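# Structure here, sequence nowhere to be found:
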């Protein structure tokens, strides 16, 4: 039996804000995916992956997971000895959840209890998010568990607050003029250092105030209006959000995108925002008329992820 594919994720709204209890909205992104496989003729990539799985298995052996979510570490270790590796085209440092997909794949294959994502209750989702947080913390300090949860569920997820997440349906795509797209900054963003910058900023009372009163307000309004397909107030709030990030998240914006970011705000042709922690990797773009935005963003690699 072949193992299932686990897709990358895109955090459409909520980057950094979810650390401070804002809402978040995430989508699976099937362009990038990963799966567990066996290999006997190990290439360098396969060898490296197999070695890192081995180190990860040692970490898993130290975890005390709740009974309902325990992992069969022994079977996992045996499979690693047989040449198990994670075959993935998900780029690291691009804000699309590479470690999340790996954690989801391991949990799906080696958890003693098997779950069907569509049937998971809201309470189980909450518990699962916590478990995934523990499983992913090995890769970058303190994980919220949201990335692996999205990869595992393979459904759009609404993050209601720090504790609570729920499955959500997003408006059906239409072949309209508008689009949500990714821009490749051409460089890699490291999550750790970016999150450090954010925590440093949080020590400042003025920043905490503007984060709560402005960022979280615009962010949550963007989610509500997007889910209800109210595009006029959506773009109004999105502009405020993009402007706020341009001022307050400057260190997280890849330098080669400063001008493009500001240009979008000045012309209203498109608005940019961070995708994940920033610093490099992808940036998210939203345009009421994609053809126009496309022309203005010539020279950047772009991928459309949703049309409206």
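It's in. Just so you know, these numbers come straight off a predicted model, no measurement behind them. Residues are numbered from 1 along each chain as shown.

# which residues does the closest residue to residue 34 other than its chain neighbours contact?
Leaving out its chain neighbours, the residue that sits closest to residue 34 by CB to CB, 6 or more residues apart in numbering is residue 88, at 3.0 Å. All C-beta spots, glycine's among them, are computed from the backbone N, C-alpha and C. The contact partners of residue 88, by CB atoms under 8 Å, 6 or more residues apart in numbering, come to 32-35, 98, 101-102.

# a markdown table please, covering the residues you listed and showing pLDDT and secondary structure.
As requested, the contacts of residue 88 are exported to a markdown table (pLDDT from 0 to 100; DSSP: H, G, I helix; E, B strand; the rest coil):
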| residue | pLDDT | secondary structure |
| --- | --- | --- |
| 32 | 91 | strand |
| 33 | 94 | strand |
| 34 | 95 | strand |
| 35 | 96 | strand |
| 98 | 87 | helix |
| 101 | 94 | helix |
| 102 | 96 | helix |
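
# Give me the PyMOL select line for those, limited to the buried ones.
With 16 or more other CB atoms under 10 Å as the burial test, the buried ones among the contacts of residue 88 are selected in PyMOL as follows:
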select buried, resi 32+33+34+98+101+102
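
# Switch the contacts of residue 88 over to CSV; also include distance to residue 108.
As requested, those are arranged in CSV below (distance: CB to CB, whole Å):
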residue, distance to residue 108
32, 17
33, 13
34, 12
35, 10
98, 16
101, 11
102, 11
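
# if I read this right, residue 279 contacts residue 195, doesn't it?
No. Checked against CB atoms under 8 Å, the pair residue 279 and residue 195 is beyond contact range at 9.7 Å.

# Looking at these two, which one has more neighbours?
Each of residue 279 and residue 195 has its neighbours counted (other CB atoms under 10 Å); residue 279 has more, 23 against 19.

# could you list every residue that touches that one?
189-191, 193-194, 251-252, 254.

# That one sits in which helix or strand?
Assigned by DSSP states H and E, residue 279 belongs to no helix or strand.

# Tell me the spatial nearest neighbour of it, not counting adjacent residues.
In space, and not counting its chain neighbours, residue 279 is closest to residue 189: 3.3 Å by CB to CB, 6+ apart.

# measure that neighbour to residue 264 for me?
20 Å (CB to CB, to the nearest Å).

# circling back to that earlier point, just the pLDDT at the residue nearest to residue 279, thanks.
Here, the pLDDT recorded for residue 189 equals 84.

# can you check residue 173 too?
In this model, residue 173 is scored at 89, pLDDT.

# what about it, which helix or strand?
Here residue 173 is assigned to no helix or strand, by DSSP H and E.

# With the one 10 residues further on instead?
When secondary structure is defined using DSSP H and E, the element that contains residue 183 is strand 179-184.

# Could I get the buried residue list for the helix or strand just after that strand?
Where DSSP H and E defines the elements, the next helix or strand beyond strand 179-184 is helix 191-202. Buried residues in helix 191-202, counted by 16+ other CB under 10 Å: 191, 194-195, 197-198, 201.

# Going by distance to residue 135, which of the contacts of residue 279 wins?
For the contacts of residue 279, the closest approach to residue 135 (CB to CB) belongs to residue 191, at 16.2 Å.

# Quick one: classify the residue nearest to that closest one when sequence neighbours are not counted as helix, strand or coil.
Nearest residue to residue 191, sequence neighbours excluded (CB to CB, 6+ apart): residue 277, at 4.6 Å. Following DSSP: H, G, I helix; E, B strand; the rest coil, the label given to residue 277 is coil.

# Residue 277 contacts residue 14, doesn't it?
No. The pair residue 277 and residue 14 fails to qualify as a contact (CB under 8 Å) at a distance of 11.8 Å.

# Tell me which of those two has more neighbours.
residue 277 (24 against 21).

# Tell me how far that one lies from residue 16.
To residue 16, residue 277 is 7 Å away according to CB to CB.

# Give the intersection of the neighbour lists for those two.
Joint contacts of residue 277 and residue 16 (CB under 8 Å, 6+ apart) are residue 198.

# Now do the contacts for residue 307.
Going by CB under 8 Å, 6+ apart, residue 307 touches 173-176, 178-179, 290.

# let's go with 10 Å and repeat that
173-181, 290 (CB atoms under 10 Å, 6 or more residues apart in numbering).

# now do residue 172
Contact analysis of residue 172 by CB under 10 Å, 6+ apart lists 229, 308.

# Distance check, it against residue 307.
Taking CB to CB, one finds residue 172 at 10 Å from residue 307.
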